[in-house]
Every structure is written in C-alpha cells, then in structure tokens.
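K.L.:
Sequence and predicted structure, then a few things I'm wondering about:
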Amino acid sequence: MEIKEAILKRRAYRSLEDVEITEELVKDLTECAQLAPSCFNNQPWRFIFVYDREGLKLLCEALSHGNRWAHAASLIIAVFSKKDSDCLVKEREYFLFDTGMATAFIILRATELGLVAHPIAGYSEGRVKDVLGIPEDAKVITLVIVGTHSQELSPVLSEKQIESEKRRPERLPLEKFMYINRYQEV
C-alpha cells in the first residue's frame, strides 16, 4: 500500500471487532513511530500499548460515556510526553507536535495493516495516569483505540456516530485552510 492510499483509507471507525494483538505488531508500530522527525532528534514520545484484557478493562473505566464503543478495542495505545523532553523555543513547545507526528506514523502503519487506529480525547487523564503508572508531570496527549472494522454497527453509537460510520465526515474545503504565500481572511 502506498502512503497516499493509507491516508485515503484511514477512517475513525467506531464499530470494532476483536483482532489478535502480538508483540510483533506492537514492535512494528513502535518502529514506525521511532522514525518520525523530532526537534533535535529528541524523540519525546512515549507509548504504552495495552492489550491484556484486565488492562483494557481498567483503562476503559477512564473513558467518557461517548467513547463506550472503545470497550471493544483489542489494543489501546496511551500516548504521552513531557514538555521538558523536547525543544522549547521561546513559547513554542515542540513535544506536542513531535509526539503527534510519531502517533500519525503509528496510525498510518496500522491502517496499512488493515486495522482501525482511532485517536480519542474523551478520557480522564488522571485515571489513565493512575491505571498505567504514568508520571504526574507527563501529559497524556491521546488514547489510540485499535481493532478491526466491523460491518455490524456497534449498539452503543449515537446517531451522529452512526452517520460517521456510514460515510466519511465532510472535510473542510482546501480554501478554508490553505493559503498561498500569505494569510488572507476569507
């Protein structure tokens, strides 16, 4: 699969089926993240791959009500970092950007492998830190929910989520976020 094909194929599906997660898969995804660019090669990203049933159950307790669909995950990747692990140039905190790029590499590789890798924001950061032993001074940036796409709709989905399952949500027109040579208010 070409990279553009993986980008086009990537979707934030919420109807998931179980898939076997192996150490080889985790290593494969991690090796892709390892190659992401970062400021001065600091590689500030940290990932915890949770796929044992008890760990998944505990982690699901940290999810918001709207993410009940994620209880069907085969793997949840906790993505975290610390501000002082990366460049701080004036007010620019690179750790978020660099960790985001590494996470995107994982998501695209998972897509290439036929998996759904859906990043979410609906969780209790404190509870995630408690469950996983993440240091207090770290920032949990996202949880990536991993499984395979089920053709059967999850019964816990809202109407809006069901609509997103059926068709890709509308994307902004290029003119809304692309500027040539200089910013111009539209």
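P.N.:
Nice, thanks for sending it over. Numbers count the residues shown, from 1 in each chain.

K.L.:
Can you give the strand pairings for the strand of greatest length in the chain, parallel or anti for each?
P.N.:
If you go by DSSP state E, the chain has its longest strand at strand 139-149. Strand pairing for strand 139-149, using DSSP bridges, gives strand 16-17 (antiparallel), strand 75-81 (antiparallel), strand 116-120 (antiparallel).

K.L.:
Show me what the mean pLDDT comes to for stretch 27-46.
P.N.:
Average pLDDT, stretch 27-46: 98.

K.L.:
and if you look at stretch 3-12?
P.N.:
Averaging pLDDT along stretch 3-12 gives 95.

K.L.:
after the longest strand of the chain, next one along is what?
P.N.:
helix 159-166 (DSSP states H and E).

K.L.:
Convert that following helix to CSV, retaining C-alpha atoms only.
P.N.:
Output in CSV follows, covering the C-alpha atoms of helix 159-166 (Å, rounded to 0.1, in the frame of the first residue of the first chain):
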residue,chain,number,x,y,z
GLU,A,159,-27.0,8.9,15.7
LYS,A,160,-24.1,11.2,14.8
GLN,A,161,-21.6,8.4,15.3
ILE,A,162,-23.7,6.1,13.2
GLU,A,163,-23.7,8.7,10.4
SER,A,164,-19.9,8.9,10.6
GLU,A,165,-19.7,5.1,10.3
LYS,A,166,-21.7,5.1,7.1
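
K.L.:
How about residue 95: what's its closest non-neighbour residue?
P.N.:
Excluding the flanking residues, the one nearest residue 95 by CB to CB, 6 or more residues apart in numbering is residue 86, at 3.8 Å. (Each C-beta comes from the backbone N, C-alpha and C, glycine too.)

K.L.:
How about the contacts made by that neighbour?
P.N.:
When contacts are counted by CB atoms under 8 Å, 6 or more residues apart in numbering, residue 86 touches 38-39, 42, 44, 93-95, 98.
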